[in-house]
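> Build the 3D model from these lines:
(2 chains)
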Number of protein chains: 2
Amino acid sequence: MSISADSPVGVFDSGLGGLTVVREVVTELPDERVVYLGDTARVPYGTRSASTVVRYARRCAEHLTACGVKYLVVACNTVSAVALDMLRVELDIPVLGVIEPGARAGLRATQSGRIGVIATSGTVQSGAYERAVRAGDSRAEVFVQAAPLLVPLVEEGWVEGEVPALAVQRYLEPLVHQGIDALILGCTHYPVLRKCIRTQLDVMGADQVAIVDSAAAAAKELAASLSDRGLRATEPLDNKLRIMVTDTPGTFQLAASRFLGSGAEELCVEGVDL
Amino acid sequence: MSISADSPVGVFDSGLGGLTVVREVVTELPDERVVYLGDTARVPYGTRSASTVVRYARRCAEHLTACGVKYLVVACNTVSAVALDMLRVELDIPVLGVIEPGARAGLRATQSGRIGVIATSGTVQSGAYERAVRAGDSRAEVFVQAAPLLVPLVEEGWVEGEVPALAVQRYLEPLVHQGIDALILGCTHYPVLRKCIRTQLDVMGADQVAIVDSAAAAAKELAASLSDRGLRATEPLDNKLRIMVTDTPGTFQLAASRFLGSGAEELCVEGVDL
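Numbers count the residues shown, from 1 in each chain, chains lettered A, B, ... in the order given. The predicted structure is shown next:
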């Protein structure tokens, strides 16, 4: 399919969490069309092996390129951690993950050079945030904490109250103990818990810690990269957001509204079988 | 493949949780060989649509029958809820789920006829426990509560302390409020939280509530059914437990030990691509 500046941007994630990235992209780039693919039939990727994630990522990327996207944003931290190189080799379009932008934003936010990261087990095991931060500043120190319960908490809608507070506290304690002054949210679900995370940091006396959202950082880098490559949409287009999911779209609206914010009730979603 | 009384029993689940069923089966039937298939590449099923669960269940069942099993135990509550009829029609071997045995055990345990069930969202939405209990006693009242956070809590190993206690309490409160006197654990992961569930029931003043484990109930019904059909193993055999997983077997040992109890470190596990 031929690609032009007016082709859509493709965004994919293992589930619906990547809609937090879509939210930032449409805020940063209101004239761009976006095609989103959530691999909801195989979510979560975070607990799967690297070879399985690579296999799933290839299928999703193939589907989006067949839809004629001009740029691929990998909203999934786990895929960004283990499959970005493969996707960059295999695809003819530029590919942006969320880890490198998040790491660069972390470096801009830190003064002490001590950066904390919370992420899924898969992302933690990959060591991708450490590599990305050190690629930007070899003296920076990175402290990574797997926080696997935060995804199901967000999906259950328990984003306020005692249970998320206790879980967040338990995951942040070792990082605060290391004296970090920047905390990267290394999973697309975590921005939904941002208020809870801020409160718990403050409760622990770590109010100087800046929270860095990889999704927002990726959207900013996407905007710059599209401009550099002459790929910005030439005129505002209708039908800005197209959403596809691999599981049946049944309970999509409620879940999507948590990640995308308002407006999810007006969305149309297509089921695809990959 | 020809089947005899000395063929193995097949057990399958979406992940490793079904090993709580295997544990009960090998306790109840120490002479039987068991082949276990955990669809770890696509776990969890509990949040997926019925049509997706049916598709996955068919593939897993086909793989186990190709391994020559004489009997299929569906350890997954979600599959038992939505795909058991399909499997019974399509397969030439007997098929046992965990919901009907669990419901029957619940009816034996209750005196008031008020039975509570905790389960995944998929199982709850299916209404399968209500149907199974009412099939046994049309006057019984069933109160069902989705408890989606309990699976990730078990997988994270948080089975003691404040977070699981608060989550369990929150899920059990509406059931205790309904005056139940029997609680069916409607997910293979929940037996791992049994102690926490017992404590929280007692704390809530519901010490008269009996906890009913669907896994143990299914193992007892399997033993009776094998005897009825003349399918009990004729002699003790070596290599009693064979385990297959669809994701790479990497972190299997630690996770398996939570469900299977002791001995997991000696297990051999095979990866299969479905």
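
> Going by C-alpha atoms from here, please, whenever you check contacts or count neighbours.
Will do.

> Against residue A:94, how distant is whatever residue of chain A ends up closest to chain B?
Nearest to chain B, among the residues of chain A, is residue A:42, at 5.5 Å (CA to the nearest CA). In this view, residue A:42 and residue A:94 are 25 Å apart by CA to CA, to the nearest Å.

> thinking again about what came up before, list the contacts for the nearest residue to the residue of chain A closest to chain B once chain neighbours are set aside?
What sits nearest to residue A:42 in space, not counting adjacent residues and going by CA to CA, 6 or more residues apart in numbering or on different chains, is residue B:42, at 5.5 Å. Counting by CA atoms under 8 Å, 6 or more residues apart in numbering or on different chains, residue B:42 makes contact with A:41, A:42, A:43, B:14, B:15, B:246.

> next one: residue A:41
A:245, A:246, A:247, B:42, B:48, B:52.

> Please name the nearest non-neighbouring residue to residue A:222.
Nearest to residue A:222 is residue A:96, by CA to CA, 6+ apart, at 7.3 Å.

> So that neighbour sits against residue A:70, correct?
No: in this structure, residue A:96 is not within contact of residue A:70 by CA atoms under 8 Å, at 11.7 Å.

> Was I right to think residue A:80 contacts residue A:74?
Yes: the criterion here is CA under 8 Å, and residue A:80 meets it with residue A:74 at 6.2 Å.

> and those two? which has more neighbours close in?
Shown here are residue A:80 and residue A:74; by other CA atoms under 10 Å in any protein chain shown, residue A:74 has more neighbours (28 against 25).

> Check the gap between that one and residue A:222 for me.
For residue A:74, the distance to residue A:222 - CA to CA - is 11 Å.

> so what sits against both of those two?
residue A:96.

> Count the neighbours of residue A:161 for me.
Using other CA under 10 Å, residue A:161 has 9 neighbouring residues.

> May I ask you to confirm that residue A:97 is in contact with residue A:83?
No: if you go by CA under 8 Å, residue A:97 and residue A:83 don't touch, sitting 9.6 Å apart.

> For those two, work out which one has more neighbours and name it.
The neighbour count for residue A:97 versus residue A:83, taken as other CA under 10 Å, is higher for residue A:97 (25 against 21).

> Leaving out the residues flanking it, which one is nearest to residue A:88?
residue A:95 (6.0 Å).

> Do I have it right that residue A:102 meets residue A:217?
Yes: using CA under 8 Å, residue A:102 is in contact with residue A:217, at 5.7 Å.

> Look at those two and report which has more neighbours.
residue A:102 (27 against 22).

> Show the model's pLDDT score for that one.
You'll see residue A:102 listed with a pLDDT of 96.

> Can you tell me the element it falls in?
helix A:99-109 (DSSP states H and E).

> any idea how far that helix is from the chain center?
13 Å (CA atoms, centre = their mean, to the nearest Å).

> So residue A:145, which state does it fall into?
Using DSSP: H, G, I helix; E, B strand; the rest coil, the structure places residue A:145 in strand.

> so who does residue A:112 touch?
Applying CA under 8 Å, 6+ apart to residue A:112 gives the contacts A:180, A:181.

> is it true that the residue of chain A closest to chain B lies in a strand?
No: Residue A:42 is assigned coil when assessed by three-state DSSP, not a strand.

> From residue A:155, how far off is it?
Taken as CA to CA, the span from residue A:42 to residue A:155 is 15 Å.

> May I see the buried residues of stretch A:200-212?
A:200, A:201, A:206, A:209, A:210, A:211, A:212 (16 or more other CA atoms under 10 Å in any protein chain shown).

> how long is it end to end?
First-to-last residue span, stretch A:200-212, CA to CA: 15 Å.

> for stretch A:204-222, same thing?
End-to-end span of stretch A:204-222 (CA to CA): 35 Å.

> That stretch: how far from the chain's middle?
Its chain's C-alpha centre and that of stretch A:204-222 lie 12 Å apart, by CA atoms, centre = their mean.

> who in the stretch 151-274 of chain A is up against chain B?
By CA under 8 Å from any CA of the partner chain, the residues of the stretch 151-274 of chain A that approach chain B are A:152, A:153, A:156, A:163, A:166, A:167, A:247, A:248, A:250.

> ChimeraX command for the buried members of those residues?
In ChimeraX syntax, the buried subset of these is picked out as below (16+ other CA under 10 Å):
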select /A:152,153,163,166,167,247,248
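
> can you tell me which two in the residues of the stretch 151-274 of chain A next to chain B are farthest apart?
A:166 and A:248 (33.7 Å; CA to CA).

> was I right about residue A:159 contacting residue A:196?
Yes: using CA under 8 Å, residue A:159 is in contact with residue A:196, at 7.1 Å.

> Beyond whichever strand or helix holds residue A:170, next helix or strand please.
Mapping residue A:170 onto the secondary structure by DSSP H and E places it in helix A:162-177. On the C-terminal side of helix A:162-177, the closest following helix or strand by DSSP H and E is strand A:182-186.

> what lines up beside that next one in the sheet?
strand A:114-119 (parallel), strand A:210-213 (parallel) (DSSP bridges).

> Return the set of residues that bridge with the residue nearest to residue A:222.
Going by DSSP bridges, residue A:96 forms beta bridges with residue A:73.

> Count residues in the vicinity of it, would you?
When counting by other CA under 10 Å, one arrives at 23 neighbours for residue A:96.

> quick one: contacts for it?
Contacts of residue A:96 were listed using CA under 8 Å, 6+ apart, and they are A:71, A:72, A:73, A:74, A:218, A:222.

> what about the last one, which helix or strand?
Pointing back at residue A:222 there. Judged by DSSP H and E, residue A:222 forms part of helix A:214-228.

> thought residue A:31 was touching residue A:241?
No: look at residue A:31 against residue A:241 with CA under 8 Å: they stay out of range, at 10.8 Å.

> can you list the domains in chain A?
Listed by automatic domain parsing, the domain ranges of chain A are A:9-98+A:216-271, A:99-214.

> Turn these into TSV, including distance to residue B:126.
Shown next, in TSV, are the domains of chain A (distance: least, CA to CA, whole Å):
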stretch	distance to residue B:126
domain A:9-98+A:216-271	14
domain A:99-214	18
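
> Mean pLDDT lowest where, among the ones you listed?
domain A:9-98+A:216-271 - the lowest mean pLDDT of the domains of chain A, at a mean of 88.

> Give me the distance between that domain and the centre of its chain.
9 Å.

> neighbours around residue A:27, how many?
13.

> Equivalent analysis for residue A:111, please.
13.

> helices or strands up against the helix holding residue A:170?
If contacts are counted by 3 or more CA pairs under 8 Å, 6 or more residues apart in numbering or on different chains; DSSP states H and E, helix A:162-177 sits against strand A:141-146, helix A:150-156, helix A:194-203, helix B:162-177.

> in the longest one, what's buried?
Same thing as helix B:162-177. By neighbour count with 16+ other CA under 10 Å, helix B:162-177 contains the buried residues B:163, B:164, B:165, B:166, B:167, B:168, B:169, B:171, B:172, B:175, B:176.

> Same list (those residues) but as JSON lines, adding distance to residue A:140.
Shown next, in JSON lines, are the buried residues of helix B:162-177 (distance: CA to CA, whole Å):
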{"residue": "B:163", "distance to residue A:140": "33"}
{"residue": "B:164", "distance to residue A:140": "36"}
{"residue": "B:165", "distance to residue A:140": "39"}
{"residue": "B:166", "distance to residue A:140": "38"}
{"residue": "B:167", "distance to residue A:140": "38"}
{"residue": "B:168", "distance to residue A:140": "41"}
{"residue": "B:169", "distance to residue A:140": "43"}
{"residue": "B:171", "distance to residue A:140": "43"}
{"residue": "B:172", "distance to residue A:140": "46"}
{"residue": "B:175", "distance to residue A:140": "51"}
{"residue": "B:176", "distance to residue A:140": "52"}
